[in-house]
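Chemist: no letters, just coordinates:
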């Protein structure tokens, strides 16, 4: 008899443990998430029971916290550059351009954003759609919204935008996958960016940045022009710091153009393109290169690239990759036309 009691007790203990784990994993039971659910119900008209079902199936991912705590942008330029400026990424960029040349031409004509910049963005973000992320977006945003205090306010807002977005687009919020930070599709838009800048570029009635290259290309171009891209203007150029340059400028990290080109010349920077108007505003972009410190002129269009990712390293990677792709594409066209 005692033997059967022990077996029954063991089974009961296992079942209690399973049930306790299930309750612990049911995020809809957490007070902070209940408050969020109530907010979405009261302010945005969501069905409470439906949201509770969604969050009961959502899972916190500790690996997301680890990933966001070690971003590549903390690396010096000489270590960051080789991640993105590779022969493989250049070759794939030319292939992507050739495959979608007409779409890229249409986007460039409409928005004024060069084809190579659009290709460069998609190349840096997802290797032209080959790596769009493996995390469920609902898991990423929930983990960062509720279990990552340093940026919980931002990601709570993105989670709200995500639920609104999936409702607007008639998509199951449990179905979409993206990066550890909740970025989605070929151009890796976060939820608020999707709602504001994603477009239906081919007119099929859907904004599909996951599988439709037309919408991905058009959305990137739209994002840039909405952030102030200047058609036909220069992006950046390398410059030389003379011995008498103001030392504070060599440590500057401000990405926003605030200096006139003429003032930078006067303060000791040389080799600046003479065709750039003296009153043009620019930033000083300082990078740790393999051969020493590099100094670049950050013009308005360079700043616009940093609105995609607020990092000079990122913007420079996009720019240099785009230049390599543009050169290779031009060479291939010339060879094919010969």
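Modeler: The structure has been received and is ready for your questions. In this text the structure is predicted, and so the values were computed from the model without any measurement.
Chemist: every contact and neighbour count from this point should use C-alpha atoms.
Modeler: Will do.
Chemist: pLDDT on the helix or strand residue 118 falls within, on average?
Modeler: Residue 118 is part of helix 115-126, with elements assigned from DSSP states H and E. Mean pLDDT, computed over helix 115-126, is 98.
Chemist: and that helix, how far from the chain's centre?
Modeler: Helix 115-126 sits 11 Å away from the centroid of its parent chain (C-alpha atoms, centre = their mean, to the nearest Å).
Chemist: which helices and strands does that helix pack with?
Modeler: Packing partners of helix 115-126 (3 or more C-alpha pairs under 8 Å, 6 or more residues apart in numbering; DSSP states H and E): helix 87-99, helix 101-111, helix 213-226, helix 312-337.
Chemist: please redo it, this time with the cut-off set to 6 Å
Modeler: helix 312-337 (3 or more C-alpha pairs under 6 Å, 6 or more residues apart in numbering; DSSP states H and E).
Chemist: buried stuff in the helix it packs on?
Modeler: Neighbour counts over helix 312-337 (16 or more other C-alpha atoms under 10 Å) mark 312-326, 328-329 as buried.
Chemist: before we move on, what about stretch 293-302?
Modeler: Buried, per 16+ other C-alpha under 10 Å, within stretch 293-302: 294-302.
Chemist: same thing with stretch 218-230?
Modeler: 218-225, 229-230.
Chemist: from the buried residues of stretch 293-302, which land in strands?
Modeler: 294-298 (DSSP state E).
Chemist: turn the buried residues of stretch 293-302 into JSON lines, columns for pLDDT and distance to residue 181.
Modeler: Compiled in JSON lines, the buried residues of stretch 293-302 are given as follows (pLDDT from 0 to 100; distance: C-alpha to C-alpha, whole Å):
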{"residue": "294", "pLDDT": "97", "distance to residue 181": "30"}
{"residue": "295", "pLDDT": "97", "distance to residue 181": "31"}
{"residue": "296", "pLDDT": "98", "distance to residue 181": "29"}
{"residue": "297", "pLDDT": "98", "distance to residue 181": "30"}
{"residue": "298", "pLDDT": "98", "distance to residue 181": "27"}
{"residue": "299", "pLDDT": "98", "distance to residue 181": "28"}
{"residue": "300", "pLDDT": "98", "distance to residue 181": "27"}
{"residue": "301", "pLDDT": "98", "distance to residue 181": "25"}
{"residue": "302", "pLDDT": "98", "distance to residue 181": "24"}
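Chemist: closest one of these to residue 110?
Modeler: residue 301 (16.9 Å; C-alpha to C-alpha).
Chemist: ok, now which ones touch the closest one?
Modeler: 229, 235 (C-alpha atoms under 6 Å, 6 or more residues apart in numbering).
Chemist: redo that, cut-off 10 Å
Modeler: 113, 224-225, 227-236, 257, 282, 307, 315 (C-alpha atoms under 10 Å, 6 or more residues apart in numbering).
Chemist: off-centre distance for the helix or strand hosting residue 283?
Modeler: Element membership for residue 283 (DSSP H and E) is strand 281-289. Centroid separation for strand 281-289 versus its chain: 21 Å, with C-alpha atoms, centre = their mean.
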